[in-house]
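> Attaching a predicted model along with its sequence, questions to come.
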2 protein chains.
Amino acid sequence: MSAIDFACTPDPPYYAVIFTSLRKPGDNGYAETADRMVALAARQPGFLGIEAVRGGDGFGITVSYWASEAAIAAWKRDLEHAAARKRGRLEWYEHFELRVAKVERAYAGPRGER
Amino acid sequence: MSAIDFACTPDPPYYAVIFTSLRKPGDNGYAETADRMVALAARQPGFLGIEAVRGGDGFGITVSYWASEAAIAAWKRDLEHAAARKRGRLEWYEHFELRVAKVERAYAGPRGER
């Protein structure tokens, strides 16, 4: 996934999973798993897109977009995803906050303003 | 604002404004205005916190959290904020996407897991 990638989402309503995290130092297999999770998520029914940035200080924000709560729940049940989340808690993240939100309104600009 | 700052938000429901943007090259007064906007937003009634990251490639995600839709609307009407948004469209952003979402569920871990 390129870092400069806006998610091309449909008109609201849809769901956003806002994942804010602080990485521990060292890769420890994180990058490979993160890429794999994006590829796997993108194949899930109801996946709408993802936007992610991490700063050099290890603080990052990833927002994934989903058609429904059911799509988020199904992705959460994926076994490979569950295993990655467990490694995240134990090995990769100093801390994280995860918020599930319903997108009600959206705007864009200046390119393709709507 | 330190880059490594998790927003300390209350139990849901509350609102998130997800602002994804690609900066044009050069500062052109952006950093100063961005700091000023965070300070100004923090004084608004209903402001709950903000989380922000920008990568070296100019792609960034800022999520601000608000108690209500009314609080977001009041902040949007602030004249200094409106002027900054106009400069953003004209001078600072190659492109942006703004999404207003209602946070329905939230989790945290491993530090202060809840």
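Okay, I see it.

> now the helix or strand harbouring residue A:63: mean pLDDT?
Residue A:63 is located in strand A:59-66, with elements delineated by DSSP states H and E. When pLDDT is averaged over strand A:59-66, the result is 97.

> and whichever residue of chain A sits closest to chain B, how many residues sit next to it?
Here the residue of chain A nearest chain B is residue A:101; by C-beta to the nearest C-beta that distance is 3.6 Å. Every residue, glycine included, has its C-beta placed from N, CA and C. The tally of other residues near residue A:101 (other C-beta atoms under 10 Å in any protein chain shown) stands at 26.

> From residue A:49, how far out is it?
15 Å (C-beta to C-beta, to the nearest Å).

> Low-confidence bits of chain A, can you list those?
Scanning chain A for pLDDT under 70 picks out A:1-4, A:112-114.

> Thought residue A:22 was touching residue A:97, still the case?
No - the pair residue A:97 and residue A:22 fails to qualify as a contact (C-beta atoms under 8 Å) at a distance of 9.6 Å.

> more neighbours, those two?
Using other C-beta under 10 Å, the more surrounded residue of residue A:97 and residue A:22 is residue A:97, with 23 against 20.

> In terms of helices and strands, where is that one?
Following DSSP H and E, one finds residue A:97 within strand A:93-109.

> mind listing what that strand pairs with, with the direction of each?
When pairs are called by DSSP bridges, strand A:93-109 turns out to pair with strand A:14-23 (antiparallel), strand B:93-109 (antiparallel).

> thinking again about what came up before, what lines up beside the strand holding residue A:63 in the sheet?
Assessed with DSSP bridges, strand A:59-66 is paired to strand A:14-23 (antiparallel), strand A:47-54 (antiparallel).

> State the number of residues packed around residue A:73.
The burial count for residue A:73: 12, using other C-beta under 10 Å.

> is it true that it lies in a helix?
Yes - under DSSP: H, G, I helix; E, B strand; the rest coil, residue A:73 falls within a helix.

> Could you measure from it over to residue B:105?
11 Å.

> before we move on, back to that, now the strands paired with strand A:93-109 in a markdown table, with distance to residue A:66?
Listed next are the strands paired with strand A:93-109 as a markdown table, based on distance: least, C-beta to C-beta, whole Å:
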| stretch | distance to residue A:66 |
| --- | --- |
| strand A:14-23 | 4 |
| strand B:93-109 | 12 |
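
> Quick check: which of these has the most neighbours on average?
strand A:14-23 (a mean of 22; mean count of other C-beta atoms under 10 Å in any protein chain shown).
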